[in-house]
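Novice: my questions concern the predicted model and sequence given below.
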Amino acid sequence: MVEQIREYDCNLIFNRQEITKLTITDHYELKHKEVINDFLIRKLLEVRLNDAELDPIEWIGMKERDIFRFDTDYQGKKYRLIFWFKNGTTNHLWIRNCYPID
């Protein structure tokens, strides 16, 4: 199965970098399409991630890039985003997954 991606323009600051593009993969749809969609992911990024600074997490098997995990709440629910910078860029985030957490 080929991963589907959608690309969006955006305007936010992450780790003191101006982010102008987002790529959202369809990975979240495998288990969470009833509660997660691209609109919600974009809202989480614009409302909660804007101006945030995060350190990368350790991710076994992914040494070629820094992986970020962002836990946040929105409208009374908690979510986790997994993402990285697209192919070494500093202005384009690649959103791999998003899911609700307890």
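Specialist: Everything's here; your move. Not measured: the values here are computed from a predicted model.
Novice: how close does Gln75 get to Lys31?
Specialist: Using CB to CB, to the nearest Å, we find Gln75 at a distance of 21 Å from Lys31. Quick note: C-beta positions are derived from backbone N, CA and C, even for glycine.
Novice: which one's more surrounded, these two?
Specialist: Neighbour totals were compared for Gln75 and Lys31, and Lys31 leads with 11 against 7 (other CB atoms under 10 Å).
Novice: against Pro100, how distant is that one?
Specialist: As defined by CB to CB, Lys31 lies at a distance of 10 Å from Pro100.
Novice: likewise Leu30?
Specialist: Leu30 sits 14 Å away from Pro100 when distances are taken as CB to CB.
Novice: what sits against the closest residue to Glu18 other than its chain neighbours?
Specialist: Nearest residue to Glu18, sequence neighbours excluded (CB to CB, 6 or more residues apart in numbering): Asn91, at 5.9 Å. By CB atoms under 8 Å, 6 or more residues apart in numbering, the contact set of Asn91 is 17-21.
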